[in-house]
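[1] Return a 3D structure for these sequence lines:
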Amino acid sequence: MKNLRTFTVLAVLVVGTLFLAAYAPTPAFEASLPGVVIPAASAQDQEPVVLTYIKLADELEAQALDVLVEEFRAQNDGEFSYVTVEYNALPFADLMTGIQTSVATGQPVDIIQADAPNLLNFAVDGVIQPQTASWTEEELSRFAPQSLDEATIAGEFYGPAMRQSCSVMWYNTEMTAAAGVDVPEGIDALTYEDALAIWEQVIVDENGDGVPEVYGVELGQNPYWGDYEYRVPARTAGAPDSPTYAGVGPDGIVFDGFFNTPEAIEAYQFIQDLYMEHNVATAEPVPNSFLAQSAAFYISPARVVGVRNDQFPDMPEIRATNAPYFVTPLCHTGSWHYGI
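    Here you go, the predicted structure:
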């Protein structure tokens, strides 16, 4: 329960700090909470304020945010009850373009939700403002160091993280038990060759038509296809100091000789063969195929647990092991952030 309480306090702190930094109705503020400022006037004296928030379309996360907003509005005897939040929720593929379009056309935008690389692009372009002055060192210390690095340029902090993630391989324990499969667990538990042998064992094709009712694995966060999961296999094909493992040059610009080494290309071919030759994964991007029990394994961050508990409560127990690798185990990390 201690971790849950810590998370709740931090989440309310994040929401409160963002809203107060996004809207400061009068200069007559006094410091009342660490890192934020509190208006001296009562809520009844304030004109209604509506903050516009462009965010990722995530129903479960939106439900949690509603709770946090209401806690923010109710704190200090309703001192911020005059503040409301309107959401503009967009699919991942449309989110960054939607933010750029809203800013370029002068539409009201107060708070955005952005993946770390996009957050820094918005910072460089002047779309979002620094938040350094709104946070104390103690408050910032509650975040993962990686999340602070991802949101900082030239000593300026541009937004708190909503989470830090890493993809692992989840599996349906009922399906693996039915196939008589024991799944190894640990950082270096499974190479891709080992994983392929297991994925082939758990496939269910009842009528033998070549279109399984249950595939071996869902490789990414369908219907999203992207670098976050699909570049990991190629990078694991190299030793830690190799160009293959780096995946991109030290300048962050040059890809030739890093993205396309012979080892990386061999890994790309292996992943393609999972679909085209071995038929352990479907080429159709089916949302929630693992949670709907049409795939036995799933490579995903931990958010799958919340979606399972909220939307698929009858699903059998799921467990996790490290994602497969070729030479060196690796996991892409990264944060989503709030910007003002």
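[2] So which residues of the stretch 201-340 of the chain form helices?
    Under the criterion DSSP state H, counting those that start in this stretch, the stretch 201-340 of the chain carries helices at the ranges 227-230, 232-236, 243-246, 262-276, 303-311.
[3] In JSON lines: the ones you listed, plus mean neighbour count and mean pLDDT.
    Yep, even glycine has a C-beta here, placed from its N, CA and C like the rest. Output for those, formatted as JSON lines (neighbours: other Cβ atoms under 10 Å; pLDDT from 0 to 100):
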{"stretch": "helix 227-230", "mean neighbour count": "16", "mean pLDDT": "82"}
{"stretch": "helix 232-236", "mean neighbour count": "24", "mean pLDDT": "95"}
{"stretch": "helix 243-246", "mean neighbour count": "20", "mean pLDDT": "97"}
{"stretch": "helix 262-276", "mean neighbour count": "16", "mean pLDDT": "96"}
{"stretch": "helix 303-311", "mean neighbour count": "15", "mean pLDDT": "88"}
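[4] Would you reformat these as TSV and include distance to residue 220?
    Formatted as TSV, the helices of the stretch 201-340 of the chain follow (distance: least, Cβ to Cβ, whole Å):
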stretch	distance to residue 220
helix 227-230	4
helix 232-236	10
helix 243-246	20
helix 262-276	10
helix 303-311	12
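[5] residues near residue 332, how many?
    With neighbours defined by other Cβ atoms under 10 Å, the count for residue 332 comes to 16.
[6] and it, what pLDDT?
    Residue 332 is assigned a pLDDT of 86 by the prediction.
[7] Of all the helices of the stretch 201-340 of the chain, which one is nearest residue 108?
    Closest of the helices of the stretch 201-340 of the chain to residue 108 is helix 303-311, at 29.1 Å (criterion: Cβ to Cβ).
[8] Show me how far that closest one is from its chain's centre.
    Taking Cα atoms, centre = their mean, to the nearest Å, one finds helix 303-311 lying 14 Å from the centre of the chain it belongs to.
[9] Check which helices and strands it sits against.
    helix 59-78, strand 318-321 (3 or more Cβ pairs under 8 Å, 6 or more residues apart in numbering; DSSP states H and E).
[10] can you state the direction angle for it and helix 59-78?
    Put simply, helix 303-311 runs at 80 degrees to helix 59-78, going by axes from the mean of the first three to the mean of the last three Cα atoms, to 10 degrees.
[11] for the stretch 201-340 of the chain, which spans come out with low pLDDT?
    Counting by pLDDT under 70, the stretch 201-340 of the chain has low-confidence residues at 222-224.
[12] run the last query once more with 90
    In the predicted model of the stretch 201-340 of the chain, residues 219-231, 251-253, 283-288, 300-303, 306-307, 310-311, 331-336 satisfy pLDDT under 90.
[13] Show residues contacting stretch 59-66.
    Contacts of stretch 59-66 with the rest of the structure, by Cβ atoms under 8 Å, 6 or more residues apart in numbering, involve 11, 15, 55, 87, 89, 162, 306-307, 310-311.
[14] ok, so of the residues you listed, who is nearest residue 103?
    residue 55 (15.0 Å).
[15] element containing that closest one?
    In this assignment (DSSP states H and E), residue 55 forms part of strand 49-56.
[16] Would you mind listing the residues in contact with residue 89?
    Taking Cβ under 8 Å, 6+ apart as the test, what residue 89 contacts is 55-58, 62.
[17] and it, how far is that from residue 52?
    Counting by Cβ to Cβ, to the nearest Å, the gap from residue 89 to residue 52 is 12 Å.
[18] again with residue 335
    22 Å.
[19] Equivalent analysis for residue 319, please.
    Counting by Cβ to Cβ, the gap from residue 319 to residue 52 is 41 Å.
[20] repeat for residue 147
    From residue 147 to residue 52 the distance is 24 Å (Cβ to Cβ).
[21] And the pLDDT at the closest residue to residue 83 other than its chain neighbours?
    Nearest residue to residue 83, sequence neighbours excluded (Cβ to Cβ, 6 or more residues apart in numbering): residue 49, at 4.8 Å. Looking at residue 49, its pLDDT is 90.
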